[in-house]
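Chemist: the following comprises the amino acid sequence and a computationally predicted model.
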Amino acid sequence: MRICVWHTAARKLPSQCRGVKCCRSFPERLIETRIGAMEFPAPAAPDETSLRLGRLARLRASMKDFDLPAVVLHDPHNVRYATGARNMIPFLLRNPARYVFVPQEGPVVLFEFEGCEHLEKDNPAIDEIRNAKTVSYVARGPLMADTAKAWARDIAGLMQLHCPGERRLGLERIDAGAVECLRDAGFEIHDAQAPVERARAIKTPEEIICSKRSVACVMAGEWKLRAAIRSGISENELWSVLHSHVIANDADYIETRLLNSGERTNPWFQETGTRVLEAGDLIAHDTDVVGPHGYYADFSRSFLCGDGPPSATQKTLYRLAYEQVHHNMALIKAGRSFREITEAAWVIPEAYYKRRYYLLMHGTGLTGEYPYIVQGADYDGGVNYDGIIEPNMVLSVESYIGHEDGGEGVKLEQQVLVTEQGIEVMSDFPFEAAFLSGEI
């Protein structure tokens, strides 16, 4: 039986654990060696038609809840959610060159990047494909205002045809001039991100399969990364091991460059760079992979470079992060409010509070998603909102522990599925026995 950091420090038995379920609730793998294989099984691929139509149905139901007869989506992840259509996502994060019109009832119209119309001709979630009009200065220069008017005429025409008499329309990412053109045409513009995020927050059965497959792929890549840790390798070279693996297995991209070593692990959020690893370094890594099927695999692990034992300070950092993640995981229960989780969350020791991670946990789907659940002081500061944990949410539970005076830091994170009974841990990548065993 594994003993949590509190048990270790207080020399108590698991039956005497304070608070909630603690370490007994989450059977996990510990690893003591870098040698050998590790299996990360994945379920069989889902039915693609059921995946696409199931998400579209959820989106339309959410639009109805928000009283939006139609939405126009430019964010490429929202386009993929609504239609399953995958095309140049990083490019389209900065270019409004592809979008989709989704009415509550009626045909879904994809405005595809010019020359790419053939990509989705057999997509069951798309009824019509047209050429997109890119409302950006890069694409249209001094003709941008005219393009915005033409774009608005297209959308107004679809509203008149498929939502006759309706004036409420949801938009998320589009040039302000294009929005004004629609307002001038008499439309009442609302935020489309709200209904989309609420739809995305609850996963369909096919989405859960996709998420598990993505996490399994990334865990296999993380195992390769862990095996590649050695003195003399740079952060960039080590990080590229994961990048190579996930791209070879049909992932889209890695959203952040968060692999750091030594004192570059504190504070967190330092870009992976040219620093060369040395024996005894901590390595902290957040995966942040938009993986197979477009689903986010978001878990974090910290490792030790070399074959020597971790220092007492490194053990302390790791055990505190481990305790925070597991304490907060045990709070997740369908029907519990975000505020209740915030109020019962693990209390970060004062010396580590200044450099805390900005979230307790967040939704995970096609990317990081709604909801954000924050620390108590941040909640009381007015930067968060309340809500309810629901079955089939996928959440990533965060911890970063780094002393405010500097030194190294530890990043740990688990990705979990909310069930009717509690949670299912999706990121079954082992933790490091060297940090969790023995006295400090």
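Modeler: Nice, I can see it. Numbering: from 1, shown residues only.
Chemist: what does Arg339 show for phi and psi?
Modeler: Taking degrees, to the nearest 10, you get phi -60, psi -40 for the backbone angles of Arg339.
Chemist: doesn't Arg355 make contact with Tyr400?
Modeler: Yes: counting by Cβ atoms under 8 Å, Arg355 is a contact partner of Tyr400 at 7.1 Å. Heads up, the C-betas are built off the backbone N, CA and C, glycines and all.
Chemist: quick one: which of those two has more around it?
Modeler: Tyr400 (28 against 19; other Cβ atoms under 10 Å).
Chemist: could you verify that that one is part of a helix?
Modeler: No: using DSSP: H, G, I helix; E, B strand; the rest coil, the secondary structure at Tyr400 is strand, not a helix.
Chemist: the helix or strand hosting Asp154 packs against which elements?
Modeler: For Asp154, the element it lies in under DSSP states H and E is helix 144-162. If contacts are counted by 3 or more Cβ pairs under 8 Å, 6 or more residues apart in numbering; DSSP states H and E, helix 144-162 sits against strand 70-73, strand 99-103, helix 137-140, helix 176-184.
Chemist: with respect to Gly365, which of these lies nearest?
Modeler: Gly365 sits nearest to strand 70-73 of all the helices and strands packed on helix 144-162, at 14.9 Å, using Cβ to Cβ.
Chemist: who's in contact with the helix or strand just after the closest one?
Modeler: Using DSSP H and E, the helix or strand that follows strand 70-73 in sequence is helix 76-83. The list of residues contacting helix 76-83 from outside it, by Cβ atoms under 8 Å, 6 or more residues apart in numbering, reads 52, 55-56, 59, 73, 85-89, 92-93, 98-100, 102, 108, 110, 120, 123, 125-126, 172, 192-193, 196, 199-200, 294, 365-367.
Chemist: helix or strand next in line after helix 76-83, which one?
Modeler: helix 89-92.
Chemist: residue closest to the middle of the chain?
Modeler: For the chain, the residue nearest the mean C-alpha position is Gly368 (2.7 Å; Cα atoms, centre = their mean).
Chemist: quick one: contacts for that residue?
Modeler: Remark: with contacts taken as Cβ under 8 Å, 6+ apart, Gly368 is in contact with Glu255, Tyr296, Asp298, His362, Ser396.
Chemist: could you identify which of the residues you listed has the most neighbours?
Modeler: Neighbour counts for the contacts of Gly368, by other Cβ under 10 Å, peak at Asp298, which reaches 31 neighbours.
Chemist: max-length helix in this structure?
Modeler: Looking across the chain with DSSP state H, the single longest helix is helix 205-227.
Chemist: that helix packs against which elements?
Modeler: Packed next to helix 205-227, using 3+ Cβ pairs under 8 Å, 6+ apart, are helix 48-65, helix 235-248, strand 289-290, strand 296-297, strand 300-304, strand 409-418.
Chemist: what angle sits between it and helix 235-248?
Modeler: If you take axes from the mean of the first three to the mean of the last three Cα atoms, to 10 degrees, helix 205-227 sits at 140 degrees to helix 235-248.
Chemist: buried set for helix 205-227?
Modeler: Buried residues in helix 205-227, counting neighbours by 16 or more other Cβ atoms under 10 Å, are found at 206-223, 225-226.
Chemist: over to stretch 342-349?
Modeler: Neighbour-count burial for stretch 342-349, counted by 16+ other Cβ under 10 Å, picks out Thr342, Ala344, Ala345, Trp346, Ile348.
Chemist: what separation do you get for the residue nearest to the centre of the chain and Asp288?
Modeler: Gly368 sits at a distance of 8 Å from Asp288 (criterion: Cβ to Cβ, to the nearest Å).
Chemist: now do Pro310
Modeler: To Asp288, Pro310 is 25 Å away according to Cβ to Cβ.
Chemist: can you show me the CA trace of stretch 402-410 as PDB?
Modeler: Output for stretch 402-410, consisting of C-alpha atoms alone and laid out as PDB, is shown next (Å, rounded to 0.1, in the frame of the first residue of the first chain):
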ATOM      1  CA  GLY A 402       8.100  25.900  -6.200                       C
ATOM      2  CA  HIS A 403       9.600  27.900  -3.300                       C
ATOM      3  CA  GLU A 404       9.200  31.700  -3.500                       C
ATOM      4  CA  ASP A 405      12.900  32.100  -2.800                       C
ATOM      5  CA  GLY A 406      13.900  30.000  -5.900                       C
ATOM      6  CA  GLY A 407      15.500  26.700  -6.400                       C
ATOM      7  CA  GLU A 408      13.800  23.900  -8.300                       C
ATOM      8  CA  GLY A 409      10.100  23.200  -8.700                       C
ATOM      9  CA  VAL A 410       7.800  20.200  -9.400                       C
END
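Chemist: now the weakest link among the helices and strands packed on helix 144-162, please, by mean pLDDT.
Modeler: Ranked on mean pLDDT, the bottom entry among the helices and strands packed on helix 144-162 is helix 137-140, at a mean of 93.
Chemist: all good on my end, thank you.
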